[in-house]
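Peer 1: take a look and give me a structure for this.
(2 chains)
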Amino acid sequence: MNTNSIRSYLNTKTNAAPFAVFRIFFGILMLISIVRFAANGWIEKLYIEPSFFFSYYGFEWVQPLGEWTYLIFLICGISALFISLGFKYRISIIVFFLSFTYIELMDKTTYLNHYYFISVLSFLMIFLPAHAYYSVDAWKNENLRSQQIPSWSIDSIKLLLFIVYFYAGLAKLNSDWLFQAMPLQIWLPAKYSIPLLGDLLQQSWTHYAFAWAGAIYDLTIPFLLLIKRTRIFAFTLVVIFHVLTRVLFPIGMFPYIMIVSALIFFDSGLHNRILEYISKWFRISKSFFDNGANYSIPKTWIRKVCVSAIAGFFMIQLLVPFRYALYPGELFWTEEGYRFSWRVMLMEKAGYANFKVVDPENNRRFYVDNTQFLTRFQEKQMSSQPDFILEYAHFLEDHYQQQGIQDPEIYVDSYVALNGRQSRRYVDPEVDLTNIQPSLKHRTWLLPFDDEIKGL
Amino acid sequence: MKKFAALIVTILLVWSCTDNGPSGPSPDDFDREAILVNWADNIILPSLQYFSNSTDSLQSAGAAFAENPNQQTLDNFREAWKKSYLAWQHVSVFQMDEDNQFQFTNSINNYPLCTAELNQSLPDDAQPDDKCKPEIKSYIEDGKYNLELPEQFDVQGLPALDYLLNGLGETNTEILAFYTSHNQSEAYQSYVLVLVNRIHSLAEEVKEYWETGYRDQFVNNSGNGLNASLDMMVNDYIYNYEKHLRAGKIGIPSGVFSGNPLSNRVEAYYSDGLSKALFMEALDATQNFFNGKHFNSTQTGQSLDDYLDYLNTMKNGTDLTELINNQFEIARQEAEGLEDDFASQVETNNSLMLSTYDKLQRNVVNLKVDMFQALNINVDYVDADGD
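Peer 2: Coordinates of the predicted model:
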């Protein structure tokens, strides 16, 4: 591609309806997610009740704010509503991105790829004109109101979805998933009481069929959605796949978000019809927005910033999932480079971590009762993830220093079982964890996995 | 095509919104409900009935003693107490949160008992909050008791009887004196009655609760999910293993969590060396539950071992059932070498106690990591979304 074709692509325009529909549904689903989160009592349980929170490396300063944590959720919910309405869109999407990401950074116990997806998607949307059409902003501001927007704005949403699916598919190309049907072989039989499927889920061939179908689905669905002839078929698959995951696994709102997101691949005809329905319902004049105008970013420098930000964003998105290649050892075991890589549902990992405190002054030693400091959920997550174990060990060091042990040594007796393998020792029990500083370097204090999971 | 797709989509969406009900069709290949039936009918109900029978005898023996305190009634009372304490070890294994409404475990076997000696034994830097209250002797002599209050768990149940039967004095004569010549002997007599009555009425209450309805509810709730019987029971089974068998009976007295041995934290501390017998009984009961062995019988039925074997045939993994049973055996052999009285054991040769703890600890990993993973049991109280 030469500079000219890039320039001409950047100047291509497309109908804005798909993006307007995307914005409306995105905002509504986010609002529902926040309300559901609060209604389940999770704000209290996950962010207020615990006395200690696990931080992401470099984000130790992001902490829950006690009762004020509710306010962050309130702000997040209101900004989601404003996004849906297209009201003060730029500010709303920035506020949404910041508040949502702040929530996710408060405690990495709750890390989910879905939440990361929402964070990156909302970051991307900061730079896109989702409010140019069929929004409160466009209704009030004639200069903004545009029926045509740059193609690259819709295409960048498609590209992000493409990456999510395709990378999730690549991650499934490993021997555990394809040749052991792991972890599906553990998860599916336990779903024996699901109507219609319960018996089928007991069969070994079902596990393999699900594994292979899942991998093929993830790898091909972005293409099938892009190609016009296969689009309806692809969308039917999207619905079947995500509904199935909703039935089988507790994954909250994510299936609905993905189903609605996939609509953006359709032509504007469908979206214009959806908007007509909405218009009829709410007695909005859609034709008011159909002005045929082209959206143009008011200033050249803003346009340059937006385009470069998006280009940089995608470079990072394409590379970050492969950062694991910089580390030796088995990725699933060490989890070095596991998060933020669209590695979804690949592991069943359970652990047990028993911390020993030694006072070198008098050689007194004792074990820690984790429930004294952590919720069960936190303890579960901590026990099988090395960065959690280390962070907790440092927390224990501080705690026992306050209790009067001058220089406590902290050791951990830990076992981890991965994808149905027998549990084995995880952290080197001879290592005093207080001497290890958290970093992004390779963790030499983990014991080897002594098995191989082949593949990407 | 479009209409067909729309139809499929609608059907799927409706299906996705139906909650996975608590019960469902039983699959042909492995009947999980059979585990619940075996647990309920052959382990839980018989254990509760047996415990209730022993507390019935305990109540009569206690009443006979209170009415006429002498060496003979004391001996009978001790014998009945011992029998109840051993019977309790079987009940303790399957204590579920459901039974918590009766505060069963807290009221029957909460130890250490709160005594003045216990408070005196605390380290010098102990905070006022670390001291227990009320101390049993002054509590009895005050005479104002309501054992249903949570603050009173420390002065009742089988540990309180341990103290009243064995701990009031060095010799039998000294102990009997509290019920005969002591200026408050009537208070001691009546407290004995209050204790045995409460123990027996709780035993009856929980037994009847299971007999009159809860058994069916338990068995019918055979689905999967956080509130399914199997998930709840396995969670509570592990909880009892960790908290009561491993920590309570061995770990805490040997100082695993404190750094120095604490002999007065031993179960049945005042008794003439009953602690080991109680531990062995609890270990047996715990292993029997895992293997589905019927109460007081050599017959076995469906339980976790069979379920693991069934899942294992699909996974070509390690034989987890064998691993867990072997580890139970290793722990048992290690414990065989312990003295009858753990209090004296931790004071004379604590290292044997610590190594028993390690053997028990190893099975926590087998049960909590490997078994949980194999059964894909939901961990209690974690109901957040997954990936």
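Peer 1: nearest residue to B:Tyr269 other than its sequence neighbours?
Peer 2: B:Ala343 (5.8 Å; CB to CB, 6 or more residues apart in numbering or on different chains). Just so you know, the C-beta spots here come from the backbone N, C-alpha and C atoms, and that holds for glycine as well.
Peer 1: what is the neighbour count of the one you found?
Peer 2: Look at B:Ala343: counted by other CB atoms under 10 Å in any protein chain shown, it has 22 neighbours.
Peer 1: any regions of the stretch 351-456 of chain A where pLDDT drops low?
Peer 2: The model of the stretch 351-456 of chain A has no residue with pLDDT under 70.
Peer 1: coming back round to it: the residue nearest to B:Tyr269 against B:Val266, yeah?
Peer 2: Yes - counting by CB atoms under 8 Å, B:Ala343 does reach B:Val266; the two are 4.5 Å apart.
Peer 1: which neighbours do these two have in common?
Peer 2: B:253, B:275 (CB atoms under 8 Å, 6 or more residues apart in numbering or on different chains).
Peer 1: residues touching the residue in the stretch 201-350 of chain A positioned nearest to chain B, list them.
Peer 2: Per CB to the nearest CB, A:Gly252 is where the stretch 201-350 of chain A lies closest to chain B, at 3.7 Å. By CB under 8 Å, 6+ apart, A:Gly252 lies in contact with A:33, A:36, A:114, B:385.
Peer 1: now the helix or strand harbouring the third one: mean pLDDT?
Peer 2: What it means is A:His114. Under the criterion of DSSP states H and E, A:His114 resides in helix A:113-126. For helix A:113-126, the mean per-residue pLDDT is 96.
Peer 1: how about the CA coordinates for that helix, as PDB?
Peer 2: Extracted in PDB, the C-alpha atoms of helix A:113-126 (Å, rounded to 0.1, in the frame of the first residue of the first chain):
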ATOM      1  CA  ASN A 113     -10.800 -10.400  29.700                       C
ATOM      2  CA  HIS A 114     -14.300  -9.000  29.200                       C
ATOM      3  CA  TYR A 115     -13.700  -6.100  31.400                       C
ATOM      4  CA  TYR A 116     -10.400  -5.500  29.700                       C
ATOM      5  CA  PHE A 117     -12.300  -5.500  26.400                       C
ATOM      6  CA  ILE A 118     -14.600  -2.800  27.600                       C
ATOM      7  CA  SER A 119     -11.700  -0.700  28.800                       C
ATOM      8  CA  VAL A 120      -9.900  -0.900  25.500                       C
ATOM      9  CA  LEU A 121     -13.100  -0.500  23.500                       C
ATOM     10  CA  SER A 122     -14.100   2.600  25.400                       C
ATOM     11  CA  PHE A 123     -10.500   4.000  25.000                       C
ATOM     12  CA  LEU A 124     -10.800   3.500  21.300                       C
ATOM     13  CA  MET A 125     -14.200   5.200  21.200                       C
ATOM     14  CA  ILE A 126     -12.700   8.400  22.700                       C
END
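Peer 1: close to chain B, is that helix?
Peer 2: Yes - using CB under 8 Å from any CB of the partner chain, we find that helix A:113-126 touches chain B at A:113-114.
Peer 1: would you mark the buried spots in that helix?
Peer 2: By 16 or more other CB atoms under 10 Å in any protein chain shown, the buried positions in helix A:113-126 come out as A:113-126.
Peer 1: hmm, back to that, you'd agree the residue of the stretch 201-350 of chain A closest to chain B is in a strand?
Peer 2: No - judged by DSSP: H, G, I helix; E, B strand; the rest coil, A:Gly252 forms no part of a strand; its state is coil.
Peer 1: from A:Lys349, how far out is it?
Peer 2: Distance from A:Gly252 to A:Lys349, counting by CB to CB, to the nearest Å: 20 Å.
Peer 1: repeat for B:Ser254
Peer 2: Counting by CB to CB, the gap from B:Ser254 to A:Lys349 is 31 Å.
Peer 1: these two - which one has more neighbours?
Peer 2: A direct count of neighbours by other CB under 10 Å for B:Ser254 and A:Lys349 places B:Ser254 higher, at 26 against 20.
Peer 1: wait, that one touches B:Asp358, no?
Peer 2: No - with contact defined as CB under 8 Å, B:Ser254 does not count as touching B:Asp358 (10.4 Å).
Peer 1: give me the below-cutoff pLDDT ranges for the chain.
Peer 2: Using chain A. Looking at chain A by pLDDT under 70, you get A:1.
Peer 1: not quite, I wanted chain B
Peer 2: Ranges of chain B meeting pLDDT under 70: B:1-29, B:97-100, B:313-317, B:380-384, B:387.
Peer 1: all strands for it, in order.
Peer 2: With DSSP state E, there are no strands along chain B.
Peer 1: show me which helix runs longest in it.
Peer 2: As assigned by DSSP state H, the longest helix anywhere in chain B is helix B:185-209.
Peer 1: which element is A:Val412 on?
Peer 2: Assigned by DSSP H and E, A:Val412 falls in strand A:409-418.
Peer 1: in contact with B:Asp370, which residues?
Peer 2: A:350, A:417, A:422-423, B:320, B:323.
Peer 1: just the buried subset of those residues, written out for PyMOL, thanks.
Peer 2: PyMOL command restricting those to the buried ones, with burial defined by 16+ other CB under 10 Å:
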select buried, (chain A and resi 350+417+422+423) or (chain B and resi 320+323)
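Peer 1: nearest to B:Ile136 among the contacts of B:Asp370?
Peer 2: B:Ile136 lies nearest to A:Ala350 out of these, by CB to CB, at 42.4 Å.
Peer 1: for B:Val194, give me its contacts.
Peer 2: B:Val194 neighbours (CB under 8 Å, 6+ apart): B:145, B:147.
Peer 1: measure how buried the residue of chain A found nearest chain B is and give me the count.
Peer 2: Going by CB to the nearest CB, chain B is nearest to A:Ser193 of chain A, at 3.2 Å. A count of nearby residues for A:Ser193, using other CB under 10 Å, gives 22.
Peer 1: touching, it and B:Asn221? I think so.
Peer 2: No - between A:Ser193 and B:Asn221 there is no contact under CB under 8 Å: 10.1 Å.
Peer 1: which stretches of the stretch 251-387 of chain B form helices?
Peer 2: Chain-ordered helices for the stretch 251-387 of chain B, with DSSP state H, counting those that start in this stretch as the definition, fall at B:275-291, B:304-315, B:320-336, B:342-348, B:350-364, B:372-375.
Peer 1: A:Tyr277 is nearest to which of these?
Peer 2: Nearest of those (CB to CB): helix B:372-375, 47.5 Å.
Peer 1: who touches that closest one?
Peer 2: Against helix B:372-375 from outside (CB under 8 Å, 6+ apart): A:186, A:190, A:348, A:350, A:417, A:420, B:230, B:234, B:238, B:304, B:307-308, B:311-312, B:315, B:317, B:320, B:379.
Peer 1: could the contacts of A:Gly252 be laid out in a markdown table, adding distance to B:Ser107?
Peer 2: What follows is these, written out as a markdown table (distance: CB to CB, whole Å):
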| residue | distance to B:Ser107 |
| --- | --- |
| A:Ser33 | 44 |
| A:Arg36 | 39 |
| A:His114 | 45 |
| B:Asp385 | 38 |
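Peer 1: and the residues you listed, which two are furthest apart?
Peer 2: It's A:Arg36 and A:His114 that sit farthest apart of these, by CB to CB, at 13.0 Å.
Peer 1: next, show the common contact partners of the two.
Peer 2: Joint contacts of A:Arg36 and A:His114 (CB under 8 Å, 6+ apart) are A:252-253.
Peer 1: skipping its backbone neighbours, what lies nearest the residue in the stretch 51-200 of chain B positioned nearest to chain A in space?
Peer 2: Nearest residue of the stretch 51-200 of chain B to chain A (CB to the nearest CB) works out as B:Asp125 at 8.0 Å. Nearest residue to B:Asp125 in three dimensions, chain neighbours excluded: A:Gly404, at 8.0 Å (CB to CB, 6+ apart).
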